[in-house]
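> any chance you could fold what I've pasted below:
(one chain, ligands or ions: 1)
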Amino acid sequence: MTLLSAKPEAAPIAACPACESSQQRPVSGTYRMACQECCARLLSTTRPQSPQAEAMLSLIARNIKRLAPAFGLDDVKASARLLVQKRRSAMTK
Ligand SMILES: [Zn+2]
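So this is what the prediction gives:
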């Protein structure tokens, strides 16, 4: 059995500077396309099924193909859905 070693460019999420700055300023507008959380944040700024969301998805899909990160388009979609849910429940509190 071979353990897959983590790719050096696949930095842990906590170490992503764009994610860190978004914790302090949610509308910082910085995203790293090699980071799943960043892609999810980017996608969650659009309305599902809107032309913007479709454009964002194809952009993210292109980047996944190019950068080959440790996540796929479905992971980004799932993360984005979670983000939207979190935001929604924070609003209704
Ligand atoms: Zn990030």
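
> would you mind listing what in this structure touches the ion?
16, 18-19, 32, 35, 37-38 (C-beta under 5 Å from the ion). The C-beta positions use only the backbone N, C-alpha and C, and glycine is treated the same way.

> among the residues you listed, name the ones in helices.
18-19, 37-38 (DSSP state H).

> and these, which of them are buried?
Using 16 or more other C-beta atoms under 10 Å as the burial test, those include 18-19, 37-38 as buried.

> farthest pair within the residues you listed?
18 and 37 (8.5 Å; C-beta to C-beta).

> show me how far the helix or strand bottoming out on mean pLDDT in the chain is from its chain's centre.
Counting by mean pLDDT, DSSP states H and E, the weakest-scoring helix or strand in the chain turns out to be helix 17-24, with a mean of 86. Centroid separation for helix 17-24 versus its chain: 12 Å, with C-alpha atoms, centre = their mean, to the nearest Å.

> next one: stretch 17-26
13 Å.

> buried stuff in it?
Here stretch 17-26 shows 18-19, 22 as buried, counting by 16+ other C-beta under 10 Å.

> and stretch 56-68, by the same measure?
For stretch 56-68, burial by neighbour count (16+ other C-beta under 10 Å) applies to 56-57, 60, 63-64.
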